[in-house]
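S.K.: Here is a sequence with its predicted model. Questions after.
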Amino acid sequence: MATAPELDAPAAPLDAFRGEVRAWLAANFPASLKGKDNALSALEGPTELSPDQSAWQAAMGEKGWGVPSWPAAYGGGGLDKAQIRVLNEEMARAGAWNPIGGMGVMMFGPTLLEYGSEAQKHEHIPAIAKGQVRWCQGYSEPNAGSDLANVQTFAQDAGDHYIVNGQKTWTSGGQWADKCFALVRTDKSQKHGGISFLLLDMTAPGVEVRPIAMISGQSPFCETFFTDVKVPKGNLVGREGQGWEIGTRLLQHERNSLSGGGGASRLFAGKPMGKLAKEYRGEDEQGRVPDTDLRMRIVRHEMDSRAFALTLRRAALEAKSNQGPSAATSIMKNVGARITQDRAELSIEIMGMAGLGWEGEGFSEDELTQTRTWLWGKAVSIYGGSTEIQNNVISKRILGMLDHQ
Amino acid sequence: MATAPELDAPAAPLDAFRGEVRAWLAANFPASLKGKDNALSALEGPTELSPDQSAWQAAMGEKGWGVPSWPAAYGGGGLDKAQIRVLNEEMARAGAWNPIGGMGVMMFGPTLLEYGSEAQKHEHIPAIAKGQVRWCQGYSEPNAGSDLANVQTFAQDAGDHYIVNGQKTWTSGGQWADKCFALVRTDKSQKHGGISFLLLDMTAPGVEVRPIAMISGQSPFCETFFTDVKVPKGNLVGREGQGWEIGTRLLQHERNSLSGGGGASRLFAGKPMGKLAKEYRGEDEQGRVPDTDLRMRIVRHEMDSRAFALTLRRAALEAKSNQGPSAATSIMKNVGARITQDRAELSIEIMGMAGLGWEGEGFSEDELTQTRTWLWGKAVSIYGGSTEIQNNVISKRILGMLDHQ
Amino acid sequence: MAVLNDEQTMLRDMVREWSDEQSPVSAFRKMRAAAPAEGYDPAAWATLGEMGLPGIVIPEEHGGTAFGYLSLGLVLEQLGRNLAASPLASTSAAATAILLGGSEALRAQWLPQIASGAVVATLAVDEGPVHDPAKIATSVVDGKLSGTKAFVAEGDSASVFVVATTDGLYLVAGDAGVTRAPRHMADSRSHAQVTFDAAPAEKLGDATLTAQVIDRATAAVCAEMLGMAEQAFATTNDYLKTRVQFGQQLSTFQALQHRMAKMFTELELMRSVVEGALEAIDAGRSDLDQAVSLAKAVASDTLHLVSREMIQLHGGIGMTDDYDAGFYLKRARVLETMWGNAAFHRERFARLNGY
Amino acid sequence: MAVLNDEQTMLRDMVREWSDEQSPVSAFRKMRAAAPAEGYDPAAWATLGEMGLPGIVIPEEHGGTAFGYLSLGLVLEQLGRNLAASPLASTSAAATAILLGGSEALRAQWLPQIASGAVVATLAVDEGPVHDPAKIATSVVDGKLSGTKAFVAEGDSASVFVVATTDGLYLVAGDAGVTRAPRHMADSRSHAQVTFDAAPAEKLGDATLTAQVIDRATAAVCAEMLGMAEQAFATTNDYLKTRVQFGQQLSTFQALQHRMAKMFTELELMRSVVEGALEAIDAGRSDLDQAVSLAKAVASDTLHLVSREMIQLHGGIGMTDDYDAGFYLKRARVLETMWGNAAFHRERFARLNGY
């Protein structure tokens, strides 16, 4: 009789590796940090690291396990998929979390490993793997919106270097970043083909950042101004004019991390909605959430979440088989955003006025966090390819529809 | 203190007229016909009239009250708005209904009164007022869809007459109609300006109709073929090339009758959804519809219906005042269609399998009617300006948005 | 737009002009930065008082204009358009309670002061974060009222409280036995927890009056929501015509056109139900409870939709605090929650209709 | 698409090819016109029997292939795409009941005949127009079963009935004490009211078995719905590329593109939950009841949406009986209703999750 393949099949031959991981975690993960990861911390900016946090980051950086799949030659863990699964399982078991993160890990590192020169890889990858250098992304420009190819920032050829002038916006973590990977224009005569992928030093003369205050009260983004910034030609990744190809490849890494787990699944974290509703609203004589209208919307949301989880699982299985990339991948961004936002809206509705606190007395820490999470969550359907852009992509690439002539 | 104007303010000076109406109804409306109007009858085609039905039609036709606002000179009732309201109130009180209807009354008559020559009015209006002549509409053509101006049917000038060739579709009641008002092309060199408004005799040589079977099992529409049909030039309404203007004016009459009451409100008729649900599903210990999910969707639908009713009332009040036409009018068609369809879907859901009967034993007459009503109701968001076309109109005319350049 | 008489048209136009010229959203932004203890700009409130607005629902004999709730709604709609922070809605609801239930002495004592804008009054009903008039523990013993009310709108500045108790509605004036603890909420408006500890109280009426007053307070909130939704939509529509992407105005993208057309459709329905509820109050209709639940449910759903779409259709800029979209979103959720959200009113509507 | 092994891929491709070539929607149209007493084309059913499909969930020792429910789903999905009328889903559910609850003798007696396609079996549970396994009056006294079952799928042709009673699941074979009254429904498929009057019955299991068998029957229906939704969507997508209005293909209108993109999104989710339920059955998972309620609720909502949009996006032609859209719409509502609609399964899912 046929059976479905198991995603979580036991991996007996990995027992030795599992033992190694477990022992290493016991020796290196400070018990005081157990479960202390914070999904919103990326929005609040870097905080002073405690001695335990510093030690943990240094240990993971040295071991290379913060970027477990990256080659050991560049400071990565050099682990295969099965080993990474074991590592994740053991981390979860120990309540440990990855202290190495950010755009360098999620987006820039994988792209540089693919497109960078040997010199570039040796210069940048180990520092990312150790969590020593923060990267930011210089893509969006004012008035360009979703039209990413509308790059106006210009890199003038000046012999052995470029002179860069222009303005970027939505620079995530720009005020805390050491370096920036940016799309710049090296040729004004063609739209996509005139774009290049350039690495800039955020401390260089002529770079100015201004944080943008968001509706959630955080300022995770900046406007970034480049005025006659001198950039060595060795900082060009790939060829001149290859920037659009490299830049979109990088966005694939971003999307994978947003939809596959990373950002989205962190926002899913937390208790089931039914449980939250009972805490705030009590239950009726039959043990149900007493607000029947709210209850039925909770069911719909929970079903949507489960359907999404099953779709993530299905896409992963399909990718492992020989069926080629799953069409289901194209829906991940939009469904992930919808579930994230519905969950936040339902949460604040359940909490009533308590879910709308801003600061000060009268609200629990969880409640105040919920308000910020709700507001910040409005971004997930806008950034990284808006819902509208994703729907354009589905209708064009998957459904084969054409533009209006 | 300010008070809102009352739509249904008492009209004391009309008491004499009210007495006249009441007496006339008592004398002329056969008690056997009380409440026997049938919203679906128009789809099933004309049936043999009973002696009582014939008498009632003849009486109303003679009195002109089937078309109460039309001038008495052409066989209409010659009543003013206040009198018409009294007439409607007394009709409702007596359980009487208007036996004079169809496209001649709703659409063609008002248009001909506006654009027709004296001769045309005297020829056609009294026959419509008496319910003696059935009209059908020759607008849509195959492959034109919502693009009504894409008229291919050609009327060749042949001196004192035209020779008409072409094909119309969705000819409502074509198989039962005596005459047809049609958009025909008299000039191929311009799209809108080449259209004329022509009256055809459905019994003329060269006219052929083929009923179209619908998903609801009815065949209220036809394909209509014109092959070398000879039409006197006296049958041209307005000027050559004025057809688009006249034709769109006629559609306004159609929309008013669809949204203002007529078609849509007939489909609303019937018991409240909460009552229907209790009949089929019983009630819980607190007297509620036991299916909580269904119940909450019933509330939403009932609220939507009431909001629509309040909007109809508001638009009527605004039209009576000096505020000019209400923007609310633009939403009537879509909201009416949505409510009609939601109501039908909810009804069959409430009835379960009993709401999906087609024919034969095991279903009540109401249940079998409900199935057909549900299926036929899918048309209301397609015909008479589809929901998509209405949304285009709102975004362009009301919101001032432009076409993609 | 309901059909208005001349004085209503004048009132609306006067407030609209004042709001657009003297109290645009930037005034709210300044007030937020200044963070006055009252939770609103006292100078602006004084101006509203000079215009006679606090007396709209108060009889002429007590210094008001007795224009009624439709007129109050016209004013709140105009103020809501630009998010003006004022205690007008709360004060009017409390005044209505005194009018409907107060003794002649109480009316004469408080209504003129309220009508002039000298006294801010408010309604204190809920004791938890979710509206539930059936869950009230506050009680009165020997004319002394004790209990804690949560999230009282304008609780920072009110000196007269109309308080729901197990025994109906009471009036508490002054500071004796009254403690306020501000609650800083996302909408940057005034909300406070108010604790009454044996505060001297005078009875206004029983539970029936409580329900009547809550219905009126709810209708007033709906009017503010209507103005907010109207302006959030208009601002979005304007933005789509300005913003160019891929070489085209956003407003030329048909997918956005249809979304806007559908939102416009919902807004027209929202206007009908909100005006319908206000008119039902003025007409003293027996089914005004249904009219109010209909209004609050539809208004909540529609404002929810419009405030979400305002952010989404603005894209990145809508997420920034420099832009106004976030103000609409935050205030929207507070008003959606106040006096029962859409779910609460759908349930109430179903019960009132017996299914 | 779930990851399939080689035999599943072959099975799916075989059935897909047969369905597209030998049993397109026009075959259903012909069957409707011919109106055979069985409610399906006996020749087509015989072919399915030759392909071994009625034995997919039956063990090899009883003449089946034991491929399991995911495989049955693949087949039903392919048949559903073109609306093939066959008793495969009902027969398989009944066979599962005999397999799970029947004595060795009963299995040996019936399963081989079912596997060969010689005997049509079905499940008779509901006694009213709405699915409600808690409302069953049919009872058994001294091995004689009495009661009336409403809207039994394939009730016209089945010679073996698996019947839910107050005391669990029973098997009734043959015509003794059995009366059928056909019910002509909008989907033009076989449904009958079946009355049992002291019909000889053999017990299969208690209420637990009843629930287990209904879950499997429900998952099978979901697979048929998945195929229908898939094809209704594909047909609509093709139509939009063909149809020209205002000088443009309909598929170039962005408002329609986004609607199609959203529908595609829902379809991908639907596929995941339907395959998830079938896999849960094959894996014998303890939470398969939740998986089935999830699948039926999502499948019902999605097919509802797609079948409505199929009509709307086709415009006038979709309203005609000559076109196939109406068939999808009518069958959709019947399957949405069968074994509990979305509302029923949302309620069940909430209860299973304890809220």
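M.R.: Arrived safely, thanks for sending. Residues are numbered from 1 along each chain as shown, chains lettered A, B, ... in the order given.
S.K.: Does chain C have contacts with stretch A:362-376?
M.R.: Yes: figure legend: stretch A:362-376 in contact with chain C (Cβ under 8 Å from any Cβ of the partner chain); contacting residues A:362-363, A:371, A:375. (Each C-beta comes from the backbone N, C-alpha and C, glycine too.)
S.K.: Show me those residues that map onto helices.
M.R.: Residues from the residues of stretch A:362-376 next to chain C lying in helices, with DSSP state H as the criterion: A:371, A:375.
S.K.: Compare the residues of stretch A:362-376 next to chain C and tell me which has the most neighbours.
M.R.: The most crowded member of the residues of stretch A:362-376 next to chain C, judged by other Cβ atoms under 10 Å in any protein chain shown, is A:T371 (26 neighbours).
S.K.: residues in contact with that one?
M.R.: A:T371 is in contact with A:216, A:348, A:355-358, C:186, counting by Cβ atoms under 8 Å, 6 or more residues apart in numbering or on different chains.
S.K.: ok, which pair from these is furthest apart?
M.R.: With distances taken as Cβ to Cβ, the most widely separated pair in the contacts of A:T371 is A:S216 and A:G355, at 13.9 Å.
S.K.: Now flag whichever of the contacts of A:T371 is closest to chain B.
M.R.: For the contacts of A:T371, the residue nearest chain B by Cβ to the nearest Cβ is A:I348; the value is 20.0 Å.
S.K.: Quick check: nearest residue in space to A:A379, chain neighbours excluded?
M.R.: Nearest residue to A:A379 in three dimensions, chain neighbours excluded: C:M319, at 5.4 Å (Cβ to Cβ, 6 or more residues apart in numbering or on different chains).
S.K.: I'd like the next helix or strand past the lowest-mean-pLDDT helix or strand in chain A.
M.R.: Ranked by mean pLDDT, DSSP states H and E, the helix or strand of chain A with the weakest confidence is helix A:262-268, at a mean of 42. Note on helix A:262-268: by DSSP states H and E, the next helix or strand toward the C-terminus is helix A:273-281.
S.K.: so whichever helix or strand comes after that following helix versus helix A:273-281, what angle?
M.R.: Toward the C-terminus, helix A:273-281 is succeeded by helix A:292-320 as the next helix or strand (DSSP H and E). Inter-element angle recorded for helix A:292-320 and helix A:273-281: 150 degrees (by axes from the mean of the first three to the mean of the last three Cα atoms, to 10 degrees).
S.K.: Which strands or helices does helix A:292-320 pack on?
M.R.: Counting by 3 or more Cβ pairs under 8 Å, 6 or more residues apart in numbering or on different chains; DSSP states H and E, the packing neighbours recorded for helix A:292-320 are helix A:273-281, helix A:332-351, helix B:292-320, helix C:342-352, helix D:254-282, helix D:288-314, helix D:342-352.
S.K.: if we go to 6 Å?
M.R.: Packing contacts for helix A:292-320, counted by 3 or more Cβ pairs under 6 Å, 6 or more residues apart in numbering or on different chains; DSSP states H and E, involve helix A:332-351, helix B:292-320, helix C:342-352, helix D:254-282, helix D:288-314, helix D:342-352.
S.K.: Can you name every helix or strand that the first one contacts?
M.R.: Looking back up the chat, that one is helix A:332-351. Packing contacts for helix A:332-351, counted by 3+ Cβ pairs under 6 Å, 6+ apart, involve helix A:243-260, helix A:273-281, helix A:292-320, helix A:365-377, helix A:387-393.
S.K.: could you say which helix or strand contains C:Y170?
M.R.: Counting by DSSP H and E, the element that carries C:Y170 is strand C:168-173.
S.K.: Tell me how many other residues surround the residue nearest to A:G109 when sequence neighbours are not counted.
M.R.: With Cβ to Cβ, 6+ apart as the measure, A:I128 is the residue that lies nearest to A:G109, at 5.0 Å, once sequence neighbours are left out. Around A:I128 there are 28 other residues, counting by other Cβ under 10 Å.
S.K.: A:G64 too?
M.R.: 22.
S.K.: these two touch, right, it and A:G76?
M.R.: Yes: counting by Cβ atoms under 6 Å, A:G76 is a contact partner of A:G64 at 4.9 Å.
S.K.: any common contacting residues for these two?
M.R.: Common contact partners of A:G64 and A:G76 (Cβ atoms under 6 Å, 6 or more residues apart in numbering or on different chains): A:A129.
S.K.: what residues does chain C put near chain B?
M.R.: By Cβ under 6 Å from any Cβ of the partner chain, the residues of chain C that approach chain B are C:3, C:5, C:8, C:66-68, C:71, C:237, C:251-252, C:257-258, C:260-261, C:264-265, C:268-269, C:272-273, C:276, C:279, C:294, C:297-298, C:346, C:349-350, C:353, C:355.
S.K.: From those, pick out the ones that also neighbour chain D.
M.R.: The subset of the residues of chain C next to chain B within reach of chain D, by Cβ under 6 Å from any Cβ, is C:H258.
S.K.: Buried ones only from the residues of chain C next to chain B, please, as a ChimeraX command.
M.R.: Buried residues within the residues of chain C next to chain B, as defined by 16 or more other Cβ atoms under 10 Å in any protein chain shown, are selected in ChimeraX through the command that follows:
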select /C:3,8,66,67,68,71,237,251,252,257,258,260,261,264,265,268,269,272,273,276,279,294,297,298,346,349,350,353,355
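S.K.: Low-confidence ranges, chain A, go.
M.R.: For chain A, the stretches with pLDDT under 70 are A:1-13, A:38-44, A:255-270, A:322-325, A:405.
S.K.: Could you list the contact residues of it toward chain D?
M.R.: Proximity of chain A to chain D is confined to A:1-2, A:4-5, A:274, A:289, A:299, A:303, A:306-307, A:310-311, A:314, A:317, A:321, A:328, A:331, A:391, A:394-395, A:399, A:401-402, A:404 under the rule Cβ under 6 Å from any Cβ.
S.K.: Could you report the distance from the residue of chain A most remote from its centre to A:T186?
M.R.: Counting by Cα atoms, centre = their mean, the extreme residue of chain A relative to its mean C-alpha position is A:E285, 43.7 Å from that point. Taking Cβ to Cβ, to the nearest Å as the criterion, A:E285 is separated from A:T186 by 71 Å.
S.K.: With A:L399 instead?
M.R.: 35 Å.
S.K.: residue closest to the middle of chain C?
M.R.: Within chain C, the residue whose C-alpha comes closest to the C-alpha centroid is C:V221; the distance, by Cα atoms, centre = their mean, is 2.9 Å.
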